[in-house]
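S.K.: missing the sequence, but the structure's below:
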């Protein structure tokens, strides 16, 4: 936050040589970050490293559907997510749906992640811990409901992750299987 209370932290981070960008729009930044983190559930259920999961259109389509529901809920709540990267949040669902080769060309820099990196939610499932699904997809579902909307894809992913949290729960969905599952009522 760009407020006075965070000035000592900003100074300490700067002195340590870490890049820091104080912002006056933290609510919008938090909503933009939520949009990005909606991929955690998709990644956790894919069982794949992030780069492989994001390289496959069916998984990206699952994320695009989640983001569209979140964007509709944000609009109903009067929230406009901040722009955190080269693409406005409202365009991301379209970009995510592009064919794989075209997506790789456009999102090339964003896919430069460690070949083995996975989401924290995947790690939680692997270690038998409860996930943050309620704070991600669950928040989208709740916000949508508060504004008379539904978020069925986010609700379905929430249910699938809760199932995966149980011993023996499924945690390795192919892209087409997961896309089909989230589109089911």
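M.R.: Arrived safely. What you see is a predicted model; the values in this text were computed from it and never measured.

S.K.: ok, longest helix in the chain?
M.R.: The longest helix of the chain (DSSP state H) is helix 57-77.

S.K.: Go through it and flag the buried ones.
M.R.: 57-74 (16 or more other C-beta atoms under 10 Å). C-beta here means a position set from N, CA and C on the backbone, and glycine is covered the same way.

S.K.: do stretch 101-120 as well
M.R.: 103, 107, 118, 119.

S.K.: Just the residues you listed: which are in helices?
M.R.: With DSSP H as the criterion, helices contain residue 103 from among the buried residues of stretch 101-120.

S.K.: Out of the buried residues of stretch 101-120, which is nearest to residue 4?
M.R.: For the buried residues of stretch 101-120, the closest approach to residue 4 (C-beta to C-beta) belongs to residue 119, at 34.4 Å.

S.K.: measure residue 59 to residue 163 for me?
M.R.: Going from residue 59 to residue 163 by C-beta to C-beta, to the nearest Å gives 18 Å.

S.K.: tell me the mean pLDDT for the one helix or strand residue 138 maps to?
M.R.: Element membership of residue 138, judged by DSSP states H and E, is helix 137-146. Averaged across helix 137-146, the pLDDT comes to 98.

S.K.: same thing with stretch 149-159?
M.R.: On average, stretch 149-159 scores 98.

S.K.: Centre of the chain to that stretch, how far?
M.R.: For stretch 149-159, the separation from the chain centroid amounts to 14 Å (computed by C-alpha atoms, centre = their mean, to the nearest Å).

S.K.: now do stretch 28-41
M.R.: 5 Å.

S.K.: for it, which positions count as buried?
M.R.: 28, 29, 31, 32, 34, 35, 36, 37, 38, 39, 40, 41.

S.K.: what's next to that stretch, contact-wise?
M.R.: For stretch 28-41, contacts defined as C-beta atoms under 8 Å, 6 or more residues apart in numbering pick out 23, 50, 53-54, 63, 66-67, 70-71, 74, 79-84, 89, 92, 119-122, 131-133, 136-137, 139-140, 154, 157-158, 160-161.
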